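Colleague: model the following, please.
(chains A, B and C)
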Amino acid sequence: MTKCKRMGEVPELPEVETVRRGLERLLGSTAVIRAIRLQRPDIRFPIPKELPRKLARQPVTGVRRRAKYLLIETPAGILLSHLGMTGTWRLVERGAEDKHDHCYLDLEDGRRFAFRDPRRFGIIDWIEAGGEAAHRRLKDLGPEPLGEAWTEDYLWRASRGRKVAVKVFVMNQKIIVGVGNIYASEALFRARIRPGRPSGRLTRAECGRLVLAVREVLSEAIAAGGSTISDFRHAGGSSGYFQNSFRVYDRGGEPCTACGAQLRAGALGGRSTFWCPRCQA
DNA sequence: CTTTGCACCTGTTGGC
DNA sequence: TGCCAACAGGTGCAAA
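Modeller: A predicted model of the protein is given here:
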């Protein structure tokens, strides 16, 4: 299994939440958009052509997050962005343009934010005012892992009759949002459940442990990322030190921190997966 | 309906 | 030392 030592920089939900807080702080309650400049017509998907016209001269009324989507709100509608793998929002100076800057957000106060995404797995989209619930990228999303709907009972009922591996299941955004490849392995380790277990065979107690583990691992990562909010100006979405806390991710062959057994590496759903053969049943 | 597999994209890495 | 195939990730879609 190939290693990747820089996974802590891939924006999963905790990193997106850290970026949201950074944007919220920098935009404040008085920011007004002067203009949106698109440097290309698409990133991964086409960017709606009307987006610059809709957002010109709009005041920013809030910055929210749904799943891994950032939502910059204005009276006219919402600027939706997804960081993909390498996306960042950063405050930039004029003259510091980068070939990977796909969108510039110019404010009336002279500041400029750039959406920079070398790998172009990111998304920029437009949501007309009042159209959030019906928007194609949001309408089928499952509950937030830090919200009240993510419960043992919900996971128990949602998983009955499903044969797919539990790791693939919890990465399904229709079931539960915000659990990416890294935190899926981490949460299953904490819950002491093997990633390949069929979802429908989880016991009620295991569902309870997994719900708690997902909530805890994401909360702790957000707390760790929070310490880098002050660096947002320089670092954009590159946040947090939580990668130092990974218990199994990218540690195939190393001893388990809990029992010393050799950690296993494999693939599920085409994604790298790590677990302890002794701790996880 | 569920499940599986792959395309998308490009900077980084590891093997030769 | 230098080259190049393999790989990482989230999402969406086609096919089974």
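Colleague: the closest residue to residue A:161 other than its chain neighbours: neighbour count?
Modeller: Among residues not flanking residue A:161 along the chain, residue A:200 sits closest, at 5.3 Å (C-beta to C-beta, 6 or more residues apart in numbering). The C-beta positions use only the backbone N, C-alpha and C, and glycine is treated the same way. The burial count assigned to residue A:200 is 13, neighbours taken as other C-beta atoms under 10 Å.
Colleague: hang on, residue A:200 in a helix?
Modeller: Yes - counting by DSSP: H, G, I helix; E, B strand; the rest coil, residue A:200 is part of a helix.
Colleague: tell me the contacts of the closest residue to residue A:163 other than its chain neighbours?
Modeller: Closest residue in space to residue A:163, ignoring its immediate chain neighbours: residue A:198 at 5.1 Å, by C-beta to C-beta, 6+ apart. Residue A:198 makes contact with A:162, A:163, A:164, A:165, A:166 under the criterion C-beta atoms under 8 Å, 6 or more residues apart in numbering.
Colleague: help me confirm that the fourth one comes into contact with residue A:193.
Modeller: It stands for residue A:165. No - between residue A:165 and residue A:193 there is no contact under C-beta atoms under 8 Å: 10.5 Å.
Colleague: between those two, who's got more neighbours?
Modeller: Set side by side, residue A:165 and residue A:193 show more neighbours around residue A:193, with 24 against 19, by other C-beta under 10 Å.
Colleague: helix, strand, or coil at that one?
Modeller: coil.
Colleague: how many other residues sit next to residue A:90?
Modeller: Using other C-beta under 10 Å, residue A:90 has 22 other residues around it.
Colleague: sorry, that was for residue A:149
Modeller: When neighbours are counted by other C-beta under 10 Å, residue A:149 comes out with 10.
Colleague: excluding chain neighbours, what is closest to it?
Modeller: Take residue A:149 and drop its neighbours on the chain: the residue closest to it by C-beta to C-beta, 6+ apart is residue A:143, 3.6 Å away.
Colleague: so what's the one you found scoring on pLDDT?
Modeller: pLDDT for residue A:143: 96.
Colleague: now do the one 5 residues further on
Modeller: In the predicted model, residue A:148 carries a pLDDT score of 97.
Colleague: element containing it?
Modeller: Using DSSP states H and E, residue A:148 maps to neither a helix nor a strand.
Colleague: contact partners for it?
Modeller: Going by C-beta under 8 Å, 6+ apart, the list of residues near residue A:148 is empty.
Colleague: partners of the residue nearest to residue A:163 in the sheet?
Modeller: Residue A:198 forms beta bridges with residue A:165, as assigned by DSSP bridges.
Colleague: helices along the stretch 101-250 of chain A, start to end?
Modeller: Along the stretch 101-250 of chain A, counting by DSSP state H, counting those that start in this stretch, helices occupy A:152-159, A:166-170, A:181-191, A:204-226, A:232-235.
Colleague: which of the ones you listed has the lowest mean pLDDT?
Modeller: Taking mean pLDDT as the measure, helix A:232-235 is lowest among the helices of the stretch 101-250 of chain A, coming in at a mean of 39.
Colleague: quickly check: the strand or helix carrying residue A:272 near DNA strand B or not.
Modeller: Element membership for residue A:272 (DSSP H and E) is strand A:271-275. No - contact of strand A:271-275 with DNA strand B (C-beta under 7 Å from any atom of the strand) is absent, the minimum separation being 8.7 Å.
Colleague: can you give me the pLDDT of the residue of the stretch 151-281 of chain A found nearest DNA strand C?
Modeller: DNA strand C sits closest to residue A:180 of the stretch 151-281 of chain A, with a gap of 2.1 Å, by C-beta to the nearest atom of the strand. Looking at residue A:180, its pLDDT is 93.
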